[in-house]
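Peer 1: From the sequence below, what's the structure:
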Amino acid sequence: MMPLDGIKVIDFTGALSGPYCSMLLGDMGAEVIKIERPSRGDDSRSWGPPFIRDNLSTYFVSINRNKKSISLNLKESEAIEIVKKLIKDADVLLENFRPGVMEKLGLGYEEMKKINEKLIYCSISGFGQNGPYKFKTSYDLILQGMGGLMSETGESNGGPVKIGIAVTDISAGMFACYGILSAIIARCKTGTGQFIDISMLDCQVSWQTYFATGYLFSGIIPSKTGSAHSLICPYQSFKTKDIFINIAVGNEETWKKFCEVLEIDIAEDEKYFDNGKRLENKDQLVKIIEDKLSKKSGEEWLHLLEKSGVPSGPIYTIDRLLNDSQVLHRKMIEEVTNPLYGTIKIPGLPVKLSNTKSMIKLSPPVLGEHTDEILKKLEYTDEQIESFRIRKLI
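Peer 2: Sure, this is the predicted structure:
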């Protein structure tokens, strides 16, 4: 048994935020039916290289496991009727078009609610379904800038820096999943579905946590601090004799251990004896630490720090991460096989449940791979399906 067995999701999303959300639901057992354009499907299918095969990028494959793909030309009324048939017994509709697009197609929440009052309808957009920015175009880069992340990331003397992974998309997908699961629980109590409005900008405001609260209380605007922490010291990357390593000293007990490992007699020094003083004298302290760390290799220091219980770690490139013994032990690299493109490796499932396990049941689909299967379940005949194909409805 899987946690979301019996939950049916109709997924209109493309790119990253929506597909990440529907993948999480699929991983937990939901039946996810991904609706794509017959011509080229989800835009991310062509985001490469690298490509696994024509119109199947590694980008798409990374976030579209555990889904079935049906190709439908939503500009045609018959395709809309097919969608409405799918909605009748669906639990969730997920979309990340611009606000108003689904309404123009005749697939807005108010219309879908008439077909299925238990439907949970989740819309992900850059700025939400209302407000002055409602129709503003959004991409991860735009939201990293407007969400404050880029003003807080990078070295103090440098320009704004984007976080490598598209974190605003992924966070919106995760918040959407959280919202959908909450609505499913609420439906168990009320018997009715509801509309979920996810704004990528809202998600970034939420992510600002202590930066936002600090500003609202003190008026202090966070500045870029490189790899360092604005409120904890020492807590950053340091250069050793050969490589950079990360060290995190989060409390006074750890500070004393850290000084012992480095053999520096400053644990009780009035300039450094508590976190507040260390922040005041940060530049001088960092220089002392860097001078000491430069005497040995990174591996030597990591061994000594770990032995003493001081939080520390290497800075991995992707190859080292994906071959790390802990990552492999946790089964965070999985293999999937599809008869059309063979066997490939993809990231595994991060949520480990003891009884109701998540799993990869379906490999990322080729465009329209399950169109016939889904239509036959809706009781369309082979002749009707062939007619749809001839008329480029599918």
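
Peer 1: quick one, longest helix in the chain?
Peer 2: The residue-count maximum for a helix in the chain (DSSP state H) belongs to helix 167-190.

Peer 1: and that one, which residues are buried?
Peer 2: Using 16 or more other CB atoms under 10 Å as the test for burial, helix 167-190 gives 167-177, 179-181, 183-184, 187. No exception for glycine: its C-beta is placed from N, CA and C like everyone else's.

Peer 1: Equivalent analysis for stretch 303-323, please.
Peer 2: Across stretch 303-323, burial judged by 16+ other CB under 10 Å covers 305, 310, 312.

Peer 1: Give me the nearest residue to the most centrally placed residue in the chain, chain neighbours excluded.
Peer 2: Residue closest to the average C-alpha location in the chain (CA atoms, centre = their mean): Ile170, at 2.4 Å. The spatially closest residue to Ile170, leaving aside those adjacent along the chain, is Tyr20, at 5.6 Å (CB to CB, 6 or more residues apart in numbering).

Peer 1: Now do the nearest residue to Leu293 once chain neighbours are set aside against Pro314, distance only.
Peer 2: Nearest non-adjacent residue to Leu293, counting by CB to CB, 6+ apart: Thr240, 4.8 Å away. Note on Thr240: its distance to Pro314, by CB to CB, to the nearest Å, is 10 Å.

Peer 1: And for Glu31?
Peer 2: Per CB to CB, Glu31 is found 41 Å from Pro314.

Peer 1: So what touches the helix or strand harbouring Glu373?
Peer 2: Assigned by DSSP states H and E, Glu373 belongs to helix 371-377. Identification of contacts with helix 371-377 by CB atoms under 8 Å, 6 or more residues apart in numbering yields 33, 68-71, 82, 86, 384-385, 388, 394.

Peer 1: Let's see that with 10 Å instead.
Peer 2: With contact meaning CB atoms under 10 Å, 6 or more residues apart in numbering, helix 371-377 is reached by 33, 35-36, 38, 68-72, 82, 85-86, 365, 368, 370, 380-382, 384-386, 388-389, 394.

Peer 1: avg pLDDT for stretch 120-131?
Peer 2: Stretch 120-131 carries an average pLDDT of 98.

Peer 1: try stretch 167-185
Peer 2: Mean predicted confidence for stretch 167-185 is 98.

Peer 1: all helices of the stretch 51-200 of the chain, in order?
Peer 2: 58-62, 77-87, 101-104, 109-115, 140-146, 149-152, 167-190, 200-207 (DSSP state H, counting those that start in this stretch).

Peer 1: Turn these into TSV, columns for distance to Lys331.
Peer 2: TSV is the format used below for these (distance: least, CB to CB, whole Å):
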stretch	distance to Lys331
helix 58-62	17
helix 77-87	33
helix 101-104	37
helix 109-115	38
helix 140-146	28
helix 149-152	31
helix 167-190	21
helix 200-207	28
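
Peer 1: Compare those helices and give me the one nearest Asp42.
Peer 2: Closest to Asp42 of the helices of the stretch 51-200 of the chain, according to CB to CB: helix 58-62, at 6.2 Å.

Peer 1: Against which helices or strands is the longest helix of the chain packed?
Peer 2: helix 17-27, strand 92-95, strand 120-125, helix 140-146, strand 195-199, helix 200-207 (3 or more CB pairs under 10 Å, 6 or more residues apart in numbering; DSSP states H and E).

Peer 1: for these, which one sits closest to Gly276?
Peer 2: Set against Gly276 and scored by CB to CB, the helices and strands packed on helix 167-190 come closest in helix 200-207, at 25.6 Å.

Peer 1: Just the mean pLDDT for that closest one, thanks.
Peer 2: In this model, helix 200-207 has an average pLDDT of 98.

Peer 1: cool, and stretch 330-340?
Peer 2: 93.

Peer 1: What's the end-to-end length of it?
Peer 2: In stretch 330-340, first residue to last residue: 28 Å (CA to CA, to the nearest Å).

Peer 1: related to what we said a few turns ago, report the buried members of the contacts of helix 371-377.
Peer 2: Neighbour counting by 16+ other CB under 10 Å classes 33, 35-36, 38, 68-72, 82, 85-86, 365, 368, 370, 380, 385, 388, 394 among these as buried.

Peer 1: By mean pLDDT, flag the weakest helix or strand of the chain.
Peer 2: In the chain, the helix or strand scored least confidently by mean pLDDT, DSSP states H and E is strand 51-53, which has a mean of 89.

Peer 1: There's contact between Phe238 and Asn246 in this structure, I believe.
Peer 2: Yes: with contact defined as CB atoms under 10 Å, Phe238 reaches Asn246; the gap is 7.8 Å.

Peer 1: what touches both of those two?
Peer 2: Taking CB under 10 Å, 6+ apart as the contact rule, Phe238 and Asn246 both touch 227, 312.

Peer 1: Show me which of the two is the more surrounded one.
Peer 2: Between Phe238 and Asn246, counting by other CB atoms under 10 Å, Phe238 is the more crowded of the two (21 against 15).

Peer 1: secondary structure class for Ile10?
Peer 2: strand (DSSP: H, G, I helix; E, B strand; the rest coil).

Peer 1: Show me what it bridges to in the sheet.
Peer 2: As for beta bridges, Ile10 partners with Ile33, Leu93 under DSSP bridges.

Peer 1: State the distance from it to Ser312.
Peer 2: As judged by CB to CB, Ile10 and Ser312 stand 47 Å apart.

Peer 1: Good, wrapping up.
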